[in-house]
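1. the following block contains a protein sequence and its predicted model.
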Amino acid sequence: MTNLTKLRKERNLTTREMSVIFQVSKSTYNNWETGKSEPSIEKIKQLALFFNVTTDYLLEFSPSVNASIITEKELEIIKVYRLANEEGRNAIELTAKAFAKTTPFTSKSSNNVINVKT
């Protein structure tokens with residue numbers, strides 16, 4: 001699953017951090033990335049939610065990221081980001097990256113999802 005490796009590296013996460021987030025051993029996670037084994041359907045769903053991509057993308061059936069769905073909260077953050085000056089945008093980016101790297105993933109269903117035409 002080379003897309004899994006790419007997505008992990010884009011987030012500056014280690015394989016150890018990913019194994020903790022997804023509650024598997026480091027060797028199990030490494031096997032997913034190297035193609036020696038594949039995650040369960042449930043783990044594939046969790047990975048797709050975590051990285052905001054389709055399961056097809058993770059399984060390398062599709063080249064695209066799931067950018068067609070965005071929550072109301074995400075839309076608000078985008079609006080704030082666009083209104084901020086350069087210093088504010090840098091602060092928002094640094095904060096988001098710090099939390100993306102340190103906050104464990106929890107699967108939550110959102111009722112505030114809107115579709116965005118791409």
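-> Looks like it arrived, so ask away.

2. so where is this structure shaky, pLDDT-wise?
-> Per-residue confidence of the chain (counting by pLDDT under 70) places the weak regions at 62-69, 102-118.

3. mind giving me the domain ranges of it?
-> Domains of the chain are assigned by automatic domain parsing as 2-58, 69-115.

4. single out the most deeply packed of these.
-> For the domains of the chain, ranked by mean neighbour count under the definition mean count of other C-beta atoms under 10 Å, the leader is domain 2-58 at a mean of 15. C-beta here means a position set from N, CA and C on the backbone, and glycine is covered the same way.

5. now do the contacts for the closest residue in space to residue 30 that isn't next to it in sequence.
-> Nearest in space to residue 30, with sequence neighbours left out and distances taken as C-beta to C-beta, 6 or more residues apart in numbering, is residue 15 at 5.5 Å. Taking C-beta atoms under 8 Å, 6 or more residues apart in numbering as the criterion, residue 15 is in contact with 8, 26, 29-30, 33.

6. just the ones of those residues in helices?
-> Among these, the members falling in helices are 8, 26, 29-30, 33 (criterion: DSSP state H).

7. can I get those residues in JSON lines with distance to residue 74?
-> Rendered in JSON lines, the data for these read as follows (distance: C-beta to C-beta, whole Å):
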{"residue": "8", "distance to residue 74": "21"}
{"residue": "26", "distance to residue 74": "31"}
{"residue": "29", "distance to residue 74": "27"}
{"residue": "30", "distance to residue 74": "31"}
{"residue": "33", "distance to residue 74": "27"}
